[in-house]
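>>> coords please:
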Amino acid sequence: DRWEKWVRKAHDLKKATIYITGSSSKLLSGEVASSISGRYLQITVYPLSFLEFLSFNGLECRTIADYPAKRREIHQLFDGYLRYGGFPKVVLVDEDLKKEEILSYFNTILLHDILARYGLRNYDMLKKMVEYILTNDTKQNSVHSISKALSYNYATVSDYVDYLKATYMITELRNYDHSLKKQLRSDVKYYCIDTGFINAVSFLFSENIGRLHENIVFNEFIRRGQGTGLFYLNEGGQGGYECDFIIQEKGRITAAYQVCYELHDKNMEREVAGLVMACKKFGLPGGTIITEHQQKTIEVDELKIEVLPVTAFLVGFG
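This next block holds a predicted model:
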């Protein structure tokens with residue numbers, strides 16, 4: 001206890017460079033932050049990126065030029081990344097132990113980083129809410145809709161969502177609007193830090209592969225430092241066309257992306273129309289659709305749409 005006092009003293013005496021690691025909730029607590037304020041540089045460590053995951057599995061893809069020759073091997077490994085996520089120990093243990101390891105991390109976050117840290121008692125209530133959010137990740141959501149669906153107190157749900165965000169279990173994505181006031185009032189989408197959590201506690205893997213792809217793409221944007229300028233775009237409510245991701249840089253929208261498992265006759269119009277809507281709104285020459293395997297170029301209304309395999313995007317294309 002009170003280790004932060006020792007860190008402050010050691011830093012002020014300039015005796016050493018100090019590296020501190022630990023759970024996000026403990027290190028970001030007000031007491032610790034105030035004790036070493038102005039004396040530290042925070043570095044957020046995420047689960048493995050896909051490139052790091054490949055390296056852990058003995059496959060190096062150091063440049064985009066390596067991708068074509070190794071594409072088959074890369075895609076074979078991607079299924080494991082999609083299914084079990086990127087926690088290093090999970091990657092390294094035998095397959096029959098992976099889910100057990102993921103659930104251990106999941107319970108540690110809930111029990112220690114949230115319940116113990118914030119003095120909560122109702123583990124079952126928190127777990128049920130997390131499972132609901134992860135089952136509905138990538139969908140438009142809100143504290144109000146969660147409260148209504150689970151018959152939980154609004155203030156309690158609001159607090160729990162804040163705790164989950166503080167521990168990095170989930171991150172929210174807002175609908176883009178020129179008006180900040182409207183942005184803050186809009187429904188959000190929640191994305192999970194690791195797809196291993198989603199598969200371990202929420203839904204059947206085979207039924208929601210498209211949403212898992214979207215979650216992985218979202219996390220890749222975050223790793224690339226694009227989180228503060230990342231939005232989704234929906235101007236027509238629940239029934240309107242939607243673009244999964246738009247990126248804002250220096251005050252202007254510079255890119256638009258759709259993510260789906262596969263483009264086919266039943267979803268082609270919806271996926272393309274959502275992307276075209278975003279491109280026309282922001283004057284973009286084209287956009288990108290990220291899928292499982294497909295790679296081609298589509299021209300619609302003089303817009304150039306690149307269709308990329310998700311593995312190509314994750315190693316640096318797009």
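
>>> Where does the prediction get shaky in the stretch 151-300 of the chain?
Within the stretch 151-300 of the chain, the segments meeting pLDDT under 70 span 203-207, 237-239.

>>> All the helices of it, in order from the start?
Taking DSSP state H, counting those that start in this stretch as the criterion, the stretch 151-300 of the chain contains helices spanning 154-166, 180-185, 195-201, 209-223, 268-282.

>>> what do you get for the stretch 1-150 of the chain?
Using DSSP H, counting those that start in this stretch, helices in the stretch 1-150 of the chain cover 3-12, 24-27, 30-35, 50-56, 67-84, 88-92, 95-108, 117-118, 123-135, 143-150.

>>> Of all the ones you listed, which one comes closest to Q295?
helix 67-84 (9.8 Å; Cβ to Cβ). In short, each C-beta sits where N, CA and C put it, glycine included.

>>> Between helix 209-223 and that closest one, find me the angle.
110 degrees (axes from the mean of the first three to the mean of the last three Cα atoms, to 10 degrees).

>>> what's the most buried one of the helices of the stretch 151-300 of the chain?
helix 195-201 (a mean of 23; mean count of other Cβ atoms under 10 Å).

>>> which phi and psi does Q295 have?
In terms of degrees, to the nearest 10, the main-chain angles of Q295 are phi -150, psi 110.

>>> Quick one: closest of the helices of the stretch 151-300 of the chain to Y105.
Y105 sits nearest to helix 195-201 of all the helices of the stretch 151-300 of the chain, at 7.7 Å, using Cβ to Cβ.

>>> Please compute how far that closest one lies from its chain's middle.
13 Å (Cα atoms, centre = their mean, to the nearest Å).

>>> Let's have the helices of the stretch 1-150 of the chain in CSV, adding mean neighbour count, distance to I253 and mean pLDDT.
Listed next are these as CSV, based on neighbours: other Cβ atoms under 10 Å; distance: least, Cβ to Cβ, whole Å; pLDDT from 0 to 100:
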stretch, mean neighbour count, distance to I253, mean pLDDT
helix 3-12, 14, 41, 79
helix 24-27, 16, 31, 61
helix 30-35, 12, 34, 62
helix 50-56, 19, 26, 96
helix 67-84, 16, 28, 94
helix 88-92, 16, 35, 97
helix 95-108, 15, 36, 95
helix 117-118, 16, 37, 90
helix 123-135, 17, 28, 95
helix 143-150, 15, 27, 96
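
>>> Quick check: which of those helices is nearest to M268?
Per Cβ to Cβ, nearest to M268 of the helices of the stretch 1-150 of the chain: helix 67-84, 22.5 Å.

>>> contacting residues around that closest one?
Residues from elsewhere that reach helix 67-84, judged by Cβ atoms under 8 Å, 6 or more residues apart in numbering: 50, 53-54, 57, 59, 61, 90-91, 98-99, 102, 195-196, 199, 205, 209, 212-213, 216, 293, 309-312, 314-317.

>>> hang on, the earlier thing: can you redo the helices of the stretch 1-150 of the chain as JSON lines, where the extra columns are distance to C279?
Output for these, formatted as JSON lines (distance: least, Cβ to Cβ, whole Å):
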{"stretch": "helix 3-12", "distance to C279": "49"}
{"stretch": "helix 24-27", "distance to C279": "37"}
{"stretch": "helix 30-35", "distance to C279": "42"}
{"stretch": "helix 50-56", "distance to C279": "26"}
{"stretch": "helix 67-84", "distance to C279": "26"}
{"stretch": "helix 88-92", "distance to C279": "37"}
{"stretch": "helix 95-108", "distance to C279": "38"}
{"stretch": "helix 117-118", "distance to C279": "43"}
{"stretch": "helix 123-135", "distance to C279": "31"}
{"stretch": "helix 143-150", "distance to C279": "30"}
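
>>> For Q258, find the nearest of these.
Short answer: helix 67-84, nearest of those by Cβ to Cβ, at 18.0 Å.

>>> Thank you, goodbye.
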